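**Student:** generate coordinates for the sequence data below:
(one chain, ligands or ions: 1)
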Amino acid sequence: MNKKTQLIHGGKTTDPYTGAVTTPIYQTSTYEQDAIGDLRQGYEYSRSGNPTRTALEGLIADLEHGQHGFAFGSGMAAISAVIMLLDEGDHLLINSDVYGGTYRALTKVFTRYGIKVDFIDTTQIDSVESYIKPETKMLYIETPSNPLLRVTDIKKTAEIAKKHNLISVVDNTFMTPYFQNPLTFDIDIVLHSATKYIGGHSDVVAGLVATNNADLAERIGFIQNSTGGVLGPQDSYLLIRGIKTLGLRMDQVQRNTLAIVEMLQSHEAVQAVFHPSIESHLNHDIHQSQASGHTGVVAFEVADIETAKKVIKESKLFTLAESLGAVESLVSVPALMTHASIPKDVREKEGIADGLIRLSVGIEDTEDLVADLKQALEK
Ligand SMILES: *Cc1c(COP(=O)(O)O)cnc(C)c1O
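**Tutor:** The predicted structure is shown next:
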């Protein structure tokens, strides 16, 4: 099946019990047993399993070319469940510009349980092996990353992990299963903040995980049921609904983004543009080889923080908000918002200038978005 067909026909989202074409919302916490332990359809209690969630979990597995899927109450619940695969004393390697929430969970929560972490530059993939220690058990990347869209080689990440017996993990939030499928490069685990493109309408907080590895799947399922960060049936339904239009939305997001990138690159008020579609972008070729399209997250630099504030004030179509991946276009200033807690000198060393503006391009009309941003820059 091609991707657009798979988004509609993947998984088993027709209700197996009634034939309902749209997955019903099984709003129940528990299930009647015919005799003690005699479960009618294998369902016992909705933390352990719920038919609406099962439909979504099968769908994400299919879309990511995996055998097993899991749905969580947020991207962070999904990420936390994956980190819980590690034991006390284990060490993991992760890209230094990892999502802020992941950084916080690792440094403020998981280190208290004896898990050790090093934040490294995974764009320089050949240097990654030098950071591996005897206790290293996991190699975790985001590609492209936030907010500078740095690209890491997925295939080489999987190869290094295999060679050293590490669990490889890719946070695929920015690309979605429509544009990038890390499991096809032999990555062990792919995960998403489904709050972003997969849900796509700024109305659900959710996380998804997929894997081909039966042993890891059994362990993740056990952690999901034991620690309980499951997604409810209403939100599972909303994600199944969002996924049906993921391809249409991503095609329009990509069209809009490429037009905006082109305008920004030739605009005199713009000092730099960061997007993997740009030929001079670091690891552009690698991105082209591992993804079939482009994210709508793009960053660009203007002179200073005052100019950035002015551009945002003058824009009529880009809503000032954190988050990304929705139908509506959003704008943020990382130095004042998502990355404000990082000291200025560290921030600048990471390449996040005060005048950096981050867009999450939505699905509005292409010309309207380009014209809006242009007039904002010109004021
Ligand atoms: C938003 C985000 C997360 C966290 O997901 P939540 O759904 O907000 O918990 C993780 N990774 C990336 C790349 C994100 O953008």
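
**Student:** C-alpha from now on. contacts and neighbour counts both.
**Tutor:** Noted.

**Student:** without its sequence neighbours, what residue ends up closest to the residue in the stretch 101-250 of the chain that the ligand sits nearest to?
**Tutor:** Distances between the stretch 101-250 of the chain and the ligand by CA to the nearest ligand atom are smallest at residue 193, namely 4.2 Å. Counting by CA to CA, 6 or more residues apart in numbering, residue 75 is the residue found nearest to residue 193 once chain neighbours are left out, at 3.9 Å.

**Student:** tell me which residues in stretch 241-261 are buried?
**Tutor:** Residues of stretch 241-261 classed as buried by neighbour count (16 or more other CA atoms under 10 Å): 241-247, 249-258, 260-261.

**Student:** got a list of contacts for that stretch?
**Tutor:** Surrounding stretch 241-261, the residues in contact under the criterion CA atoms under 8 Å, 6 or more residues apart in numbering are 3-4, 7-8, 178, 197-201, 273, 275, 277, 293-298, 327, 361-366, 369-370.

**Student:** how does it look with 7 Å?
**Tutor:** 4, 7-8, 178, 198-200, 294-296, 361-363, 366, 370 (CA atoms under 7 Å, 6 or more residues apart in numbering).

**Student:** helix or strand: which one has the residue in the stretch 251-379 of the chain that the ligand sits nearest to?
**Tutor:** Per CA to the nearest ligand atom, the residue of the stretch 251-379 of the chain with the smallest distance to the ligand is residue 323, at 6.3 Å. For residue 323, there is no enclosing helix or strand under DSSP states H and E.

**Student:** next, count neighbours for the closest residue to it other than its chain neighbours.
**Tutor:** In this structure, residue 323 finds its nearest non-sequential neighbour in residue 196, 7.2 Å apart by CA to CA, 6+ apart. Counted by other CA atoms under 10 Å, the residues lying close to residue 196 total 24.

**Student:** and residue 196, how far from residue 5?
**Tutor:** 21 Å (CA to CA, to the nearest Å).

**Student:** what do you get for residue 344?
**Tutor:** Distance, residue 344 to residue 5, using CA to CA: 47 Å.

**Student:** these two: who's more crowded?
**Tutor:** Set side by side, residue 344 and residue 5 show more neighbours around residue 344, with 15 against 11, by other CA under 10 Å.

**Student:** residues of the stretch 151-300 of the chain that sit close to the ligand?
**Tutor:** Those residues of the stretch 151-300 of the chain that sit near the ligand, judged by CA under 6 Å from any ligand atom, are 173, 193, 195, 205, 206, 207.

**Student:** cutoff 8 Å now
**Tutor:** 171, 172, 173, 174, 192, 193, 194, 195, 196, 205, 206, 207 (CA under 8 Å from any ligand atom).

**Student:** just the buried ones from the residues you listed, in PyMOL syntax?
**Tutor:** Command for PyMOL that selects the buried part of those, burial taken from 16+ other CA under 10 Å:
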select buried, resi 171+172+173+174+192+193+194+195+196+205+206+207
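
**Student:** tell me the spacing between the closest residue to residue 60 other than its chain neighbours and residue 315.
**Tutor:** The spatially closest residue to residue 60, leaving aside those adjacent along the chain, is residue 69, at 5.9 Å (CA to CA, 6+ apart). Residue 69 sits 40 Å away from residue 315 when distances are taken as CA to CA.

**Student:** do the same with residue 301
**Tutor:** Shown here: residue 301 relative to residue 315, a distance of 16 Å by CA to CA.

**Student:** distance from the strand or helix carrying residue 222 to the middle of the chain?
**Tutor:** Here residue 222 is covered by helix 214-227, with elements defined by DSSP H and E. When distances are taken as CA atoms, centre = their mean, to the nearest Å, helix 214-227 is centred 20 Å away from the chain's centroid.

**Student:** helices or strands next to it in the packing?
**Tutor:** If contacts are counted by 3 or more CA pairs under 7 Å, 6 or more residues apart in numbering; DSSP states H and E, helix 214-227 sits against helix 75-83.

**Student:** next, the angle from the longest strand along the chain to helix 75-83.
**Tutor:** When secondary structure is assigned using DSSP state E, the longest strand within the chain turns out to be strand 136-142. For the pair strand 136-142 and helix 75-83, the angle between their directions (axes from the mean of the first three to the mean of the last three CA atoms, to 10 degrees) equals 150 degrees.

**Student:** in its sheet, what does strand 136-142 sit against?
**Tutor:** With DSSP bridges as the criterion, the sheet partners recorded for strand 136-142 are strand 91-95 (parallel), strand 167-171 (parallel).

**Student:** give me the contact list for the helix or strand just after the last one.
**Tutor:** What it means is strand 167-171. Note on strand 167-171: by DSSP H and E, the next helix or strand toward the C-terminus is helix 176-179. Contact with helix 176-179 is made by 3, 63, 64, 197, 198, 247, 291, 292, 293, as judged by CA under 7 Å, 6+ apart.

**Student:** ChimeraX command to pick out the buried ones of the residues you listed?
**Tutor:** Filtering the contacts of helix 176-179 down to the buried ones (16+ other CA under 10 Å) takes a single ChimeraX command:
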select :63,64,197,198,247,291,293
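
**Student:** closest to residue 184 among the contacts of helix 176-179?
**Tutor:** Using CA to CA, residue 64 is the member of those that sits closest to residue 184, with 8.1 Å.
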